[in-house]
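A.B. asks: Give the three-dimensional model of this entry:
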Amino acid sequence: MCVTAGKRKVGRMLGFSALLIVLLLVSIASAMDVGKMDFKKIKEKYMRDKARLRSHHFGIVINEDTFDEAKEWLLASDDLAVASLLSIKEKIENSPVNYPEKDALLEEIDGHIADISAVREDIGNAATVEELKDAAKELKKEWLEAKVSLKKAIGLRWIYIMEKMLDRADKIAERIQELTEEYQAQGKDTTLLERWLEKFTADTERAREKVEEAKEKLMGLERNRQVNRFLLKENIALKKAVKYMHHSHFKLKRIIWFINHQQTGAVDIEGTGILFAAGNGSVSIEGSGIVKICGNGTVTAPADNVVVAVGFGEKQEDNGTVTYTGEGKVIVRGENITVTAEGELKVFAKGSGSVHLEGTGVYKTKGFTVNSTGFEEQEVTEEVQEEVEEELTE
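C.D. replies: All right, here's what the predicted structure looks like:
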């Protein structure tokens, strides 16, 4: 009897415990649902706060208490937007940009002025908070659309600047073609000048194609972010174009200087210092230091002392000596090295030893003792020294 009663008691306890567990699970599930709901509300408030922080009008509230002031503020904002568009329109009209796309942009701006002026009527006629809020949203929407046209006008002006740079490049190319013919009539070697002109012309032709593509793409943009990305890329392209023109002009000056100063003959140099030489002929260098030779021809050096060898169509090794043939660049570094080369070359060297140059060209040196029977020696300026140092530390 006692055992049976105990079993019943235990059975009642287990049933009660199971009921508690079920109730506990239900309460936990309910708490989780509430937690989800609360979290969702918190997230919504967070996103609203974040949007307000990004707004240019953070803190402005339109309700019954601020209705009159908000309406006045929106009317003033509308007037300012129209005045801004009229001012910018006048500047575009007076700008030197003469593309057909300019007229299309002016028409777009006229449309924005009309649309924003129409929103002003909605603001003035708003009688409730909701109507005023709707008018405010419409004003913001219309202004964002107007900004797209204004930014397109900036992009068009940048394209115009690049096109004017290309027009100037065409005139430079024409003058260099005339100069090349003049030098050829004088019997001077114009190979470097012809190569420069060929590359410069090809680069400017490609640039013109890209400018036309950019103009077409710009006029097809409709969203603010799209125009922002376009202007970012256009800004980078414009900076690169300016840098390219400066670099090309610098190279052109060096080529013209070289043609005007090159002479035929030979020169022996010895001692310690730096050297730059350019021309068509041969060079022999013996000593310790670093030598860089680039151009089109043949270069021979100790194989173990070659640091860099780029380009060249042919390479031959024989008893620890390597010979490169073709167009490329070689850098040699070491003690008691011998480097020889011939062809159309540029030579940069720093160290001690002796150098023999022969052919047609120019050279600049500092520190070495010179015994010249030809060539025209030029004093090394700080600019040339920096150039040699830069070439040898690539």
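
A.B. asks: which residues sit in contact with residue 311?
C.D. replies: By CB atoms under 8 Å, 6 or more residues apart in numbering, the contact set of residue 311 is 326, 327, 328, 329. For the C-beta atoms, the positions are set from N, CA and C on the backbone; glycine is no exception.

A.B. asks: Mind putting the residues you listed into JSON lines with distance to residue 140?
C.D. replies: Listed next are the contacts of residue 311 as JSON lines, based on distance: CB to CB, whole Å:
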{"residue": "326", "distance to residue 140": "65"}
{"residue": "327", "distance to residue 140": "61"}
{"residue": "328", "distance to residue 140": "61"}
{"residue": "329", "distance to residue 140": "59"}
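
A.B. asks: farthest pair in the residues you listed?
C.D. replies: For the contacts of residue 311, the maximum inter-member distance is 10.9 Å, found between 326 and 329 (CB to CB).

A.B. asks: Out of the contacts of residue 311, name the ones that lie in strands.
C.D. replies: Applying DSSP state E to the contacts of residue 311, the entries found in strands are 326, 327, 328, 329.

A.B. asks: Name the nearest of these relative to residue 101.
C.D. replies: Residue 101 lies nearest to residue 327 out of the ones in strands among the contacts of residue 311, by CB to CB, at 44.0 Å.

A.B. asks: neighbours around the closest one, how many?
C.D. replies: For residue 327, the neighbour count with other CB atoms under 10 Å is 15.

A.B. asks: Excluding chain neighbours, what is closest to it?
C.D. replies: Using CB to CB, 6 or more residues apart in numbering and skipping residues adjacent in sequence, the residue nearest residue 327 is residue 296, 4.3 Å away.

A.B. asks: so that neighbour touches residue 326, yeah?
C.D. replies: Yes: checked against CB atoms under 8 Å, the pair residue 296 and residue 326 is within contact range at 7.1 Å.

A.B. asks: re earlier: what subset of the ones in strands among the contacts of residue 311 is buried?
C.D. replies: Buried residues within the ones in strands among the contacts of residue 311, defined by neighbour count using 16 or more other CB atoms under 10 Å: 328, 329.

A.B. asks: of the contacts of residue 311, closest to residue 289?
C.D. replies: Of all these, residue 289 sits closest to residue 329, with 17.2 Å by CB to CB.

A.B. asks: Touching, that closest one and residue 307? I think so.
C.D. replies: No: contact criterion CB under 8 Å: residue 329 and residue 307 do not qualify, at 10.7 Å.

A.B. asks: Where do the strands of the protein begin and end?
C.D. replies: 263-302, 306-311, 314-318, 321-372, 376-379.

A.B. asks: Lowest average confidence across those strands, which one?
C.D. replies: Here the lowest mean pLDDT among the strands of the chain goes to strand 376-379, at a mean of 54.

A.B. asks: what about residue 171, neighbour count?
C.D. replies: Look at residue 171: counted by other CB under 10 Å, it has 9 neighbours.

A.B. asks: Distance of it relative to residue 178?
C.D. replies: Between residue 171 and residue 178 the computed distance is 11 Å (CB to CB, to the nearest Å).

A.B. asks: between those two, what contacts are shared?
C.D. replies: In contact with both residue 171 and residue 178: no residue, using CB under 8 Å, 6+ apart.

A.B. asks: Quick check: residue 277 touching residue 283?
C.D. replies: Yes: contact between residue 277 and residue 283 holds when scored by CB under 8 Å: they sit 6.6 Å apart.

A.B. asks: From the neighbour counts alone, determine which of the two ranks first.
C.D. replies: residue 283 (26 against 23).

A.B. asks: Let me see the contact set for the more buried one.
C.D. replies: Each residue near residue 283 by CB under 8 Å, 6+ apart is listed here: 277, 293, 339, 340, 341, 342, 345, 347, 355, 356, 357, 358.

A.B. asks: How about the fourth one: which residues does it bridge to?
C.D. replies: By that I understand residue 340. residue 284, residue 300 (DSSP bridges).

A.B. asks: What is the burial count for it?
C.D. replies: Neighbours of residue 340 using other CB under 10 Å come to 17.
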